[in-house]
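1. Generate a structure from the sequence data that follows.
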Amino acid sequence: MTSRRVPADEVFVVRFWREQDDCEGKFRWRAQVRSVTSRNRYIVDSVEAALALIRTRLDDASPREQSELQDD
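-> Predicted coordinates:
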């Protein structure tokens, strides 16, 4: 019987808050993205940047998981 490794999960905790921009007085979204898997923490200046960061981390994990499955 052949055993297959289950791909590792990527787990994130994301916190959003609004801050006032000192220059223009407008409010903007900021975010803290914590990777539970790697224990890294990132602060970004927009919702889009938070989602892009998560997307990049998931894309980086994907090839590694696929190669692990092929090695079995």
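2. Please make it C-alpha for all contacts and neighbour counts, starting now.
-> Noted.
3. So the residue most central in space within the chain: helix, strand or coil?
-> By Cα atoms, centre = their mean, the chain has its centre lying nearest to Ile54, at 2.6 Å. On the three-state scheme (DSSP: H, G, I helix; E, B strand; the rest coil), Ile54 is labelled helix.
4. OK, contacts around it?
-> Residues in contact with Ile54, defined by Cα atoms under 8 Å, 6 or more residues apart in numbering, are Phe12, Val33.
5. Ok, Arg18 next?
-> Here Arg18 is in contact with Phe27, Arg28, Trp29, Arg30 (Cα under 8 Å, 6+ apart).
6. pLDDT wise, what is it at?
-> At Arg18, the pLDDT value in this model is 96.
7. quick one: it and Trp29, what's the gap?
-> 5 Å (Cα to Cα, to the nearest Å).
8. How about stretch 24-42, which residues are buried there?
-> Buried residues in stretch 24-42, counted by 16 or more other Cα atoms under 10 Å: Arg30, Ala31, Gln32, Val33, Arg34, Ser35.
9. want to try CSV for the residues you listed, with pLDDT and distance to Asp9 as columns?
-> What follows is the buried residues of stretch 24-42, written out as CSV (pLDDT from 0 to 100; distance: Cα to Cα, whole Å):
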residue, pLDDT, distance to Asp9
Arg30, 96, 25
Ala31, 98, 22
Gln32, 98, 19
Val33, 98, 16
Arg34, 97, 14
Ser35, 93, 11
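10. which one of these sits closest to Asp22?
-> Nearest to Asp22, judged by Cα to Cα, of the buried residues of stretch 24-42 is Arg30 at 14.0 Å.
11. my guess is that closest one meets Gln20, correct?
-> No - using Cα atoms under 8 Å, Arg30 makes no contact with Gln20, being 10.1 Å away.
12. what do Arg18 and Trp29 both touch?
-> With Cα under 8 Å, 6+ apart, Arg18 and Trp29 have no common neighbours.
13. And the strands in the chain, which stretches?
-> For the chain, the strands defined by DSSP state E occupy 12-20, 27-35, 41-44.
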